[in-house]
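Chemist: This is the structure alone, sequence omitted:
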């Protein structure tokens, strides 16, 4: 994929020395796991069943630390807390207007502060095993090193 878009952009930002993290939590999965599940379950008796494709729930701090470690760069060191949000809204909005390629927006900041947790028990019950996110990150980072 394009390194300047989507999830790949996170790797680029960390490699370039991005300094901020939040302790928000989200679910993460590798693209190969998604493709494997689609080919494995998409044609059989489970083809109309829905599954949450989440390998692991993880904080952005831990995710960014894994990314930094895999690319041998310093991890982000400044935590962005919910209390900072009112003071950050205007500068972030202004940055997004001045730089249309900016990946940071007020919405991405708000999302990064939320704690979402997802349950993958249904697909695991069908015998599907996910690749650990640490391994997904290490394999992805090889393309940037």
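Modeler: Ah, there it is. Here the structure is a predicted model, which is why all the values come from computation and not from measurement. Numbering: from 1, shown residues only.

Chemist: helices and strands of this protein: which one bottoms out on pLDDT?
Modeler: helix 85-98 (a mean of 81; mean pLDDT, DSSP states H and E).

Chemist: got the buried residues for it?
Modeler: Residues of helix 85-98 classed as buried under the neighbour-count rule (16 or more other CB atoms under 10 Å) are 92, 96. In short, each C-beta sits where N, CA and C put it, glycine included.

Chemist: try stretch 11-29
Modeler: By neighbour count on 16+ other CB under 10 Å, the buried set for stretch 11-29 is 11-15, 18, 20-22, 24-29.

Chemist: Likewise for stretch 3-13?
Modeler: 10-13.

Chemist: can I get the residues you listed in JSON lines with distance to residue 74?
Modeler: Putting these into JSON lines (distance: CB to CB, whole Å) gives the following:
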{"residue": "10", "distance to residue 74": "15"}
{"residue": "11", "distance to residue 74": "15"}
{"residue": "12", "distance to residue 74": "15"}
{"residue": "13", "distance to residue 74": "13"}
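
Chemist: want to throw those into CSV with secondary structure, pLDDT and distance to residue 116?
Modeler: Output for those, formatted as CSV (DSSP: H, G, I helix; E, B strand; the rest coil; pLDDT from 0 to 100; distance: CB to CB, whole Å):
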residue, secondary structure, pLDDT, distance to residue 116
10, helix, 88, 16
11, helix, 90, 21
12, helix, 89, 24
13, helix, 88, 21
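
Chemist: and the gap between residue 129 and residue 30?
Modeler: To residue 30, residue 129 is 12 Å away according to CB to CB, to the nearest Å.

Chemist: Mind listing residues that contact stretch 90-106?
Modeler: Residues outside stretch 90-106 that contact it (CB atoms under 8 Å, 6 or more residues apart in numbering) are 4, 9, 13, 88-89, 109.
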